[in-house]
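J.: just to be clear, the model below is a prediction. Sequence and coordinates:
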Amino acid sequence: MKTLGRFYLFAILAFLYTPIIVMMAMGFNESPLYQLPFSFSTRWYVALMGNTGLLTAGLNSIIIAVITAVVATSLGTVASVALSRHTFRGRSLLQLLLLPPIAIPWLITGTAMLIFFYWSGIGRGMHALIIGHVALAIPYVVIVVGTGFKTIRADLEEAAMSLGSTPVHAFYSVTLPLLFPSILGAALFAFAVSLDQFVISYFLATPGYTTLPVQIYSAIRKGFTPEINAISTILLLGSMAAILIFARFAKPGENRDPR
Amino acid sequence: MTHVNVKSVAKSYGSTPVLSDISTEFGEGSFTSLLGPSGSGKTTLLRIIAGFIRPDQGVVMIGDQDVTHVPVWGRNIGMMFQSYALFPHMTIAQNVAFGLERRGIRGEAARKEVERALEMVRLPGFAERFPKQLSGGQQQRVALARAIVIKPNVLLLDEPLSALDRRLRQEMQVELLRIQRQSGLTTIFVTHDQEEALTLSDKVAILDKGKIVQIGDPATVYERPRTRFAAEFLGDSNFLPGVVEAGGVRLEDGGIIEVAGSLPSAGTKVTLAVRPEKMSPAGEGKNRISAQIKTVIYAGPVLSYHLETSQGRELKLFSQNRDGNLMREGENVTLSWMPEHTVALVE
């Protein structure tokens, strides 16, 4: 039974990682046509350094993802605070309405955004991409931070206030530090949602300003070299490092306030 | 160290009144328990005094200052919560120093105060630990230290002992009383545990449906309950219906019961309340009633009997377990008690 379980786990991991490992390996293969036998080379990494199109798109992707993470996390956290700590008219409705966008197919959201942005004069480009990505990421942030809120008892803030804290000070000195792992997790989520995003980016990018997924997509259509493997590897290792650092420090799933 | 006054305070949520027209004074240095079932408004009253809830009407005074419109953080109160509410990301020392820091006391001065407070609750040497490394009882002590270190005008306790087990609770009661006496803090204590209220308080206020039914020192409230609710909620009581006559109250079985003190006019229907431990099967008291023993419950130091009168009224009798159980189930006995242990309640 134990052996079977281990085999099963191994099979799942193999299923998840094999394509990625093959993709990474091919970035170090000499052949431009992904031909075997494998012969180690860094030529695609060297070539990538000269491929401004891909590099710019990669940089754009990261910049947009960082901005999205910061903006969506700030807005989403504020929304979470309101939803978890205050009662106001229409709260349940708002809470409910935050969730469906996650389930709406991106193609539909993307089309809707394109039409709306065109119609309202927002247009396309970096600013449109950021607006679109932030809108996509906010529901995730609200869910992650909201879950974090549930582990923090409301009477902690009350205790702080009884000791002389204003509500704002109580929030900053007690709730925020306890919420920090959740906020960090939410930021990472938002970052990943943005970095991953293709459909909406495809609609909102302009020929002069694209993100990496969009750039890769058009490259594939034109015929491509393992430079794409190279930049994908760099990006992948970067985001995995970020996730692992988060997992190490924030220990998601651990109850911060046991009782 | 100040008195607290509540004048005509009322609060309702929507159309549901939670507190109606409460006026009372909590004397300087006194320990008052707010006792009542859940929904009686005791916690609401405490939270109004703390400043977490604003009353719809009425005035809250702490000392000579009208604090009705002063927010919690401006009231200089010390508060203990049911869940301890220690800050999990701070050490014990940081927890206790939190209120000091808000008052501009930092560094060496703060460290000394914290040390003194932790000594007072008998937790010296715990300063650098985190709350989750402490037991429930220890956490509660830290919460107490945190509340008193700021020298509050009033100490508000919201069922702080209810999460502890029986042993620990009794231990903490003694500690709480010692520290309250030592510090002389005016203390208001919310509880639904009647024994706790009796043991700790100088004054007990019994609340029911948003009103203070009775307030007084524990002995008076226990011995002379003013309503059936007060008699029932604080301890056990036997209730016997009757009609006032010259010389006493005539019961259903025809017997006349004498009541010490004044009675309402003849013909008034009353309910007599008698505590189960005041009755005794070996009769010296003037008042008598006969009943049959239904069940005997052996509870160690106390024997508890359930009886039934010939009219089908249930009675309880507590007797000290001095010579073991002397009465059997099914036996007919005559219970007697004294007129001064009889309270006539007009419903």
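T.: Great, that's in hand. Numbers count the residues shown, from 1 in each chain, chains lettered A, B, ... in the order given.

J.: now stretch B:50-68, how far from the centre of its chain.
T.: Its chain's C-alpha centre and that of stretch B:50-68 lie 22 Å apart, by Cα atoms, centre = their mean, to the nearest Å.

J.: my bad, should have said stretch B:286-299
T.: When C-alpha coordinates are averaged (Cα atoms, centre = their mean), stretch B:286-299 and its chain have centres 28 Å apart.

J.: for chain B, which segments count as helices?
T.: Here chain B has its helices, by DSSP state H, at B:42-50, B:92-102, B:107-120, B:136-148, B:166-183, B:194-200, B:218-223, B:228-233.

J.: pull out the buried positions in the last one.
T.: Taking 16 or more other Cβ atoms under 10 Å in any protein chain shown as the neighbour-count basis, helix B:228-233 is seen to contain the buried residues B:Arg228, B:Phe229, B:Ala230, B:Ala231, B:Phe233. (Each C-beta comes from the backbone N, C-alpha and C, glycine too.)

J.: for the second one, give its distance to B:Ile212.
T.: Just to be clear, that refers to B:Phe229. 12 Å (Cβ to Cβ, to the nearest Å).

J.: now the buried residues of helix B:228-233 as CSV including pLDDT?
T.: As requested, the buried residues of helix B:228-233 are exported to CSV (pLDDT from 0 to 100):
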residue, pLDDT
B:Arg228, 91
B:Phe229, 91
B:Ala230, 91
B:Ala231, 91
B:Phe233, 88
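
J.: out of those residues, the closest to B:Leu100 would be?
T.: B:Leu100 lies nearest to B:Phe233 out of those, by Cβ to Cβ, at 39.5 Å.

J.: just give the nearest non-adjacent residue to that closest one, would you?
T.: Among residues not flanking B:Phe233 along the chain, B:Ile206 sits closest, at 6.0 Å (Cβ to Cβ, 6 or more residues apart in numbering or on different chains).

J.: residue numbers of chain B in contact with chain A?
T.: Residues of chain B found near chain A (Cβ under 8 Å from any Cβ of the partner chain) are B:50, B:52, B:71-73, B:76-79, B:81-89, B:98-99, B:102-103, B:132, B:146-147, B:150, B:156.

J.: buried ones among those residues?
T.: By neighbour count, with 16+ other Cβ under 10 Å, the residues of chain B next to chain A hold B:50, B:52, B:72-73, B:76-79, B:81-89, B:98-99, B:102, B:146-147, B:150, B:156 as buried.

J.: show me what contacts the residue nearest the centre of chain B?
T.: In chain B, the centroid-proximal residue (Cα atoms, centre = their mean) is B:Ala197; its distance is 2.8 Å. Taking Cβ atoms under 8 Å, 6 or more residues apart in numbering or on different chains, we find B:Ala197 in contact with B:Ser33, B:Leu35, B:Phe189, B:Thr191, B:Val204, B:Pro218, B:Leu234.

J.: cool, and A:Leu54?
T.: Contacts of A:Leu54 by Cβ under 8 Å, 6+ apart are A:Leu48, A:Leu212, A:Gln215, A:Ile216, A:Ala219, A:Glu227, A:Ile228, A:Ile231.

J.: quick check: the second one vs chain B, distance?
T.: Put plainly, it is A:Leu212. Using Cβ to the nearest Cβ, to the nearest Å, A:Leu212 is found at 38 Å from chain B.

J.: OK, contacts around the closest residue to that residue other than its chain neighbours?
T.: Excluding the flanking residues, the one nearest A:Leu212 by Cβ to Cβ, 6+ apart is A:Ser61, at 4.1 Å. By Cβ under 8 Å, 6+ apart, A:Ser61 lies in contact with A:Ser194, A:Leu195, A:Thr211, A:Leu212, A:Pro213, A:Leu235.

J.: figure out the helix or strand that A:Ser61 lives in.
T.: A:Ser61 is located in helix A:52-85, with elements delineated by DSSP states H and E.

J.: now do that helix, average pLDDT.
T.: Across helix A:52-85, the average pLDDT comes to 88.

J.: please save the CA atoms from the helix or strand just after it in PDB.
T.: Note on helix A:52-85: by DSSP H and E, the next helix or strand toward the C-terminus is helix A:91-97. The C-alpha trace of helix A:91-97 is given here as PDB (Å, rounded to 0.1, in the frame of the first residue of the first chain):
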ATOM      1  CA  ARG A  91     -22.000  43.800   1.900                       C
ATOM      2  CA  SER A  92     -23.200  40.300   1.200                       C
ATOM      3  CA  LEU A  93     -24.000  41.200  -2.400                       C
ATOM      4  CA  LEU A  94     -20.600  42.700  -3.000                       C
ATOM      5  CA  GLN A  95     -19.000  39.700  -1.400                       C
ATOM      6  CA  LEU A  96     -20.900  37.400  -3.700                       C
ATOM      7  CA  LEU A  97     -20.200  39.500  -6.800                       C
END
